[in-house]
Each structure stands twice: as C-alpha cells, then as structure tokens.
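Student: Model the following, please.
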Amino acid sequence: MSPQPDTSAAPSLTEVETHGVDRIPDAERSATPLDLFRLAFGGANTFSTCVLGAFPILFGLSFWQGLAATLLGVVVGALILCPMAVFGPVNGTNNAVSSSAHLGVHGRVVGSFLSLLTAIAFFSISVWSSGDALVGGAHRLFGLPRTDLSYVVAYALFACLVLAVCVYGFRFMLFVNKVAVAAASLLFLLGAIAFAGDFDPGYAGVFTDSADAATQSLFWPSFIGAALIVLSNPVSFGAFLGDWSRYIPASTPHRKVIGAAFLSQIATLLPFLFGLSTASIIAAKAPDYVDPAAPDFVGGLLAISPGWFFLPVCLIALIGGMSTGTTALYGTGLDFSSVFPRLSRVQATLFVGVLSIAFIFIGRFGLDLVQSISTFATMIITCTTPWMVVMMLGFWTRRGWYDPDALQVFNRRQRGGRYWFAHGWNWRGMTAWWVSALIGVLFTNIPGQFVGPLGDLASGVDISLPLSLVVAAVLFLTLLRLFPEPRAVYGPEGARLARTVDVPVPPITGPGAESGEPEPVAVANGS
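Tutor: Now for the predicted structure:
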C-alpha cells in the first residue's frame, strides 16, 4: 500500500514541471479522480468537439438519427476508454511506457507513435476551429478583414499560448482546465438560449421516405460512419489518460479512477449536442455551409448566430481550444522526451510544438486537410483501439501487477528486465496489435472518402471497429495460451486465463543498472 501523498510539498502553479515519464514519487501524487475528470472533460469540452458533433448532419442524417449515432458513439467510446485510466496510478507513468509490459521494452514505441499522431491531429483541429471562430467573430464584431494574414496571426498566437501552458506542465494545465470546464459549459448553455428559437428537432436530413433507392442504401453506412466519428473523440484519449492519472495515488480504488474517466466522456454530450443541434439549424437556414464537398461549420455558426452571441462564440473558441490544445500537446511532448531521452520534457514539448505549428500552417494554407477529419479520425480508431485491447487484456491477465523499475528500461537506455522478452519485443502483443489494426483498415468504409479493399463486403457498412476489437482480443488471448509468457512477468498470484513458463529473467544492464535479478514489487491496490 502506497503512503498518502504529502500535499503540503506540492509544487507551485508556476513552477515548471521537471518530471518526464519517470515514475512519479508517491509524495508528489496529489491529484484526485475529480482532477482526472476535469482534464479529460476539459480537453473535449471544446469547439473542436462541436465540429465532430456536426458530422452526423454532414452525413445527411436527421436530428434524431444524428442524436442516436452520437449517443452510440459517446457511450461505446467511453466504455472502451475508461479502463485505460488505471495504468497511471498503478505504474506512476504514462500509458505508452506501461505498454512495455505487453509489447516489450522496444514495442512501447507503438503507443508513442499513436499518441504523437493523435495529439498533432487534435491539436491542429483545435487551433484551426478556434482560430477560424476568433477571426470570424472579430470580423462580425469589429470589421476585422478575413485575410490570410488575420488567420496566420490568430493561429500563431493561439498555438504559442497553448505551447506556453504545456511548458509549465501538469499543474498549470490542471488550473486551465478547472477554469475551462465551468466557463465553456456555461457558454454552451448560453448557446442553447441563443438558438432555442431556431432549433427544430424535426430536421429530416436526406434519408426521408421520398428519397430514392440509391440514397436510402447509404443510410446505414452514413449512420455507422457518423457514430465512428463521434467514437473517435473518447478513443483518442486512450494513449493520454496515463499522462494525467499518474499523479493519482496508487492506493486510489480503481473503480473511482475508471468512473471518472467514463463520466468525463459522458459529459462531452454537452459540446456534441451543441454541434449537432446548431448544425441542423445551419442545414435548414444556411445549407451552403454544410455542403459535404466544402463544409464550414464555424462560418455557418457565425452566420446563424444572433449578434449578442458573437462574443460568447469567441470565448468558447479561446477557452475550449486552450483545453484541447494543452491536453493533446502536453502528452506528446511528455512521451517524445521518453523516445529521445536526450531531450527534457520542456525541450521535447517545444520541439513537437514547433512541428505541430508548422503542420497547422501547411494543412491550412497549402493543403485541404480539414475535409479529411473524418478519415483521419476513423484511422485513429482503427489503429489505437486494438492497442488498447492488448493493454486492457494484459492488465487483466496480469491481475494488475507490474514492475515499475522494469518499465523504465527503455527510457534509461538499458537492456534486460522482466519485459525484455525477445530482444525487447513481445511478439504476442505486437502481432495481436498489427494484425487486428491491418484488418480494421482493410474493412474500413467511409462513403466518399476512404474504402478499404474489403470495405464493401458488409454491404457498405463499416465493420472495421467491431472486427478489429474481436480479432485483437481473440488473437492476443490465443497467443498467450499457445506461447506462454515468462512466469516472472506475473505477480505473486500468478496468471489469469494464460499459461506461463519458467525462464530466467535477464538482468537489467546499462547506464545506472545494478547487476542481479530484479527486485520484487508490491501488488498495486486493485479495490
């Protein structure tokens, strides 16, 4: 049982965080499940989530059909995500490092790669949507010309502001999200008043009784596609939950941590429904803005907003974008510093931040990446969900037992330990991940954007997610039975639903290592 943290010794708000992905000392773990809720909800209670919430309307669904797709995506996504919160308190590090236990010391780079792509994507979406809203709102309020220079300045200032918060680290980010959760929620509720007179829940979409057969045949592909877009939002947090939950004491009951992660995503129904409702109004009053060929949700929102709501729109963009940007970029810099240990957390955050800003400008002014949000979001699900399945089943078969010191072998540029497996790779977990991710890509079907080679086998319905989930689970458990892992990777109570084999554990060697067998560790509290 870990001792209770000494909260009196907690660093100040403006003190730059020095921890990378090393294990957070027990004395510095002063966060609570409520803090995890604030960070996870604050990171999604934003304008970018509203943009994702508009996709059911862009796909031609009615309001009620879109509501069903949104509820399905949020609930299923929250259920998939929430178990990923337990790794942080148990191991005191981020989820990519924790994945060493199941993918191997070197295999943990898979989680780092997935988190890097996800973070850059959602950071970009937040800067694009928030910057567009700020410029559009300033144009309507003060007559600011909407030139490329206006957008460049807005994007640059906003991105640099987010980067500054990330450099200060966890506690400053937590403070920002404490403010953002309350402020953004209040502004969204104010928006409900602003648009109440225009909202019509009877918006019919394109799949009406009078639609032709060709249009009717696209209903289920569109419905599933919309649900997957929504589901991508909670799933995108899978690689990041450990970044924040690692500051929660190990003695905290798992049910509280899991519950906080689940409820944080259920709460995102607020921005999702705001996006869905306002998109249905835009489709009825200004349909040019929801043309699937060139959608402009932000422009449409400003076009239908009453004059007094322009300022709240700008505040939502500023406050919400700060939440999404900081939660995404913080985790990226944190994990990048572990892949390249010569860089400190601050240096890695600055480096990745500059790369992300360059990506934003290239995507906004050189390419047309905004229209590919749905494709990229689906790819995130397809590649990240099998990785999460391997992690969660691994936690279950190991009964929540880990060796925190062996998890840090890669970060210290060492070799050996309980999780060395075959030259630093656990091919069981790696195989289950890449096979199921590949199958998911092959069966992906996003009408009009990306259809995998096998995407039409289910009559145009995208079955990539359920298929990759099942394949990952069955294949991983089968490999654990047919090719047992070393007994040393399991705790004192042994394996659950998996076979083991007694093989010697290679000693940890390299910088700072002591010779000999790894010391046993206590089992984390799993109540």
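
Student: Summarise which helices and strands the longest helix seen in the chain is packed against.
Tutor: Across the chain, the longest stretch assigned as helix under DSSP state H is helix 109-142. With contacts taken as 3 or more C-beta pairs under 8 Å, 6 or more residues apart in numbering; DSSP states H and E, helix 109-142 sits against helix 47-53, helix 95-98, helix 148-168, helix 297-304, helix 310-339, helix 345-361, helix 373-397. No exception for glycine: its C-beta is placed from N, CA and C like everyone else's.

Student: show me the contacts for residue 163.
Tutor: 329, 349, 350, 353, 357 (C-beta atoms under 8 Å, 6 or more residues apart in numbering).

Student: quick check: angle from the least confident helix or strand in the chain by mean pLDDT to helix 109-142?
Tutor: Within the chain, no helix or strand scores below helix 310-339, which has a mean of 73 by mean pLDDT, DSSP states H and E. Interaxial angle, helix 310-339 versus helix 109-142 (axes from the mean of the first three to the mean of the last three C-alpha atoms, to 10 degrees): 160 degrees.

Student: Flag every buried residue along helix 310-339.
Tutor: 310, 312-339 (16 or more other C-beta atoms under 10 Å).

Student: May I ask which of the contacts of residue 163 has the most neighbours?
Tutor: In terms of neighbours by other C-beta atoms under 10 Å, the contacts of residue 163 top out with residue 329 at 28 neighbours.

Student: which residues does that residue contact?
Tutor: By C-beta under 8 Å, 6+ apart, the contact list for residue 329 reads 119, 123, 162, 163, 166, 349, 352, 353, 356.

Student: Tell me how far the fifth one lies from residue 322.
Tutor: Residue 166 sits 10 Å away from residue 322, taking C-beta to C-beta, to the nearest Å as the criterion.

Student: Please apply the same query to the first one.
Tutor: For residue 119, the distance to residue 322 equals 15 Å [C-beta to C-beta].

Student: residues near residue 267, how many?
Tutor: Neighbour count for residue 267, taken as other C-beta under 10 Å: 19.

Student: now residue 462, what's its secondary structure?
Tutor: With DSSP: H, G, I helix; E, B strand; the rest coil as the basis, the three-state label of residue 462 is coil.

Student: In a markdown table: the helices and strands packed on helix 109-142, plus distance to residue 473.
Tutor: Listed next are the helices and strands packed on helix 109-142 as a markdown table, based on distance: least, C-beta to C-beta, whole Å:
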| stretch | distance to residue 473 |
| --- | --- |
| helix 47-53 | 27 |
| helix 95-98 | 18 |
| helix 148-168 | 35 |
| helix 297-304 | 36 |
| helix 310-339 | 25 |
| helix 345-361 | 32 |
| helix 373-397 | 5 |
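
Student: worst average pLDDT in these?
Tutor: Per-stretch mean pLDDT for the helices and strands packed on helix 109-142 is lowest at helix 310-339 (a mean of 73).

Student: what is the orientation angle of that helix with helix 345-361?
Tutor: Taking the same axes, to 10 degrees, one finds helix 310-339 and helix 345-361 inclined to each other by 130 degrees.

Student: heads up, I number from 57, so please use that
Tutor: Sure, I'll start numbering at 57, so the last one becomes helix 366-395.

Student: what angle sits between helix 366-395 and helix 353-360?
Tutor: Using the same axes, to 10 degrees: helix 366-395 against helix 353-360 is 170 degrees.

Student: what about helix 366-395, distance to the chain center?
Tutor: Centroid separation for helix 366-395 versus its chain: 12 Å, with C-alpha atoms, centre = their mean, to the nearest Å.

Student: likewise stretch 506-517?
Tutor: 26 Å.

Student: Quick check: buried residues in that stretch?
Tutor: Within stretch 506-517, the residues that count as buried by 16+ other C-beta under 10 Å are 506, 507, 508, 510, 511, 514, 516, 517.

Student: which ones are touching the residue located most distally from the centre of the chain?
Tutor: The C-alpha centroid of the chain is most remote from residue 266, which lies 39.5 Å away (C-alpha atoms, centre = their mean). Residues near residue 266 by C-beta under 8 Å, 6+ apart: none.

Student: Ok, residue 449 next?
Tutor: Neighbour list for residue 449: 529, 532, 533 [criterion: C-beta under 8 Å, 6+ apart].

Student: swap the cut-off to 10 Å and go again
Tutor: Applying C-beta atoms under 10 Å, 6 or more residues apart in numbering to residue 449 gives the contacts 139, 158, 485, 488, 528, 529, 532, 533, 536, 552, 553, 554.

Student: So what's the residue count around the fifth one?
Tutor: Yep, that's residue 528 we're talking about. Neighbours of residue 528 under the rule other C-beta under 10 Å: 27.

Student: For it, give its distance to residue 159.
Tutor: According to C-beta to C-beta, residue 528 and residue 159 sit 12 Å apart.

Student: any residues in contact with both of these two?
Tutor: Common neighbours of residue 528 and residue 159 (criterion: C-beta under 10 Å, 6+ apart): 443, 446, 485, 488, 489.

Student: So the fourth one is in contact with residue 529, correct?
Tutor: The reference is to residue 488. Yes - counting by C-beta atoms under 10 Å, residue 488 does reach residue 529; the two are 8.3 Å apart.

Student: okay, the contacts of residue 219 in CSV with distance to residue 78 next?
Tutor: Shown next, in CSV, are those (distance: C-beta to C-beta, whole Å):
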residue, distance to residue 78
385, 20
405, 16
406, 19
409, 21
413, 28
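
Student: Nearest to residue 153, out of these: which one, please.
Tutor: residue 405 (16.8 Å; C-beta to C-beta).

Student: which non-adjacent residue is nearest the closest one?
Tutor: residue 389 (2.8 Å; C-beta to C-beta, 6 or more residues apart in numbering).

Student: residue ranges with poor pLDDT in the stretch 457-583 of the chain?
Tutor: Applying pLDDT under 70 to the stretch 457-583 of the chain picks out residues 503-504, 570-583.

Student: let's see 50
Tutor: For the stretch 457-583 of the chain, applying pLDDT under 50 flags the ranges 571-583.

Student: for it, what spans make up the helices?
Tutor: Listed in chain order, the helices of the stretch 457-583 of the chain (DSSP state H, counting those that start in this stretch) span 460-463, 483-498, 520-538.

Student: residue contacts, residue 432?
Tutor: By C-beta under 10 Å, 6+ apart, the contact list for residue 432 reads 173, 174, 177, 178, 180, 181, 288, 425, 505, 506.

Student: now these as TSV including distance to residue 125?
Tutor: TSV is the format used below for the contacts of residue 432 (distance: C-beta to C-beta, whole Å):
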residue	distance to residue 125
173	25
174	22
177	21
178	20
180	24
181	19
288	13
425	24
505	17
506	19
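
Student: Name the member of those residues that has the highest neighbour count.
Tutor: Within the contacts of residue 432, most neighbours by other C-beta under 10 Å means residue 178, with 31 neighbours.

Student: Which residues are in contact with the nearest residue to that residue once chain neighbours are set aside?
Tutor: Of all residues not flanking residue 178 in the chain, residue 384 sits nearest, at 4.7 Å (C-beta to C-beta, 6+ apart). Listed by C-beta under 10 Å, 6+ apart, the contact set of residue 384 reads 99, 104, 171, 174-182, 218, 222, 292-293, 296, 412.

Student: can you rerun that using 7 Å?
Tutor: Applying C-beta atoms under 7 Å, 6 or more residues apart in numbering to residue 384 gives the contacts 175, 178, 179.

Student: of those, closest to residue 330?
Tutor: The shortest approach to residue 330 among these belongs to residue 178, at 17.9 Å (C-beta to C-beta).
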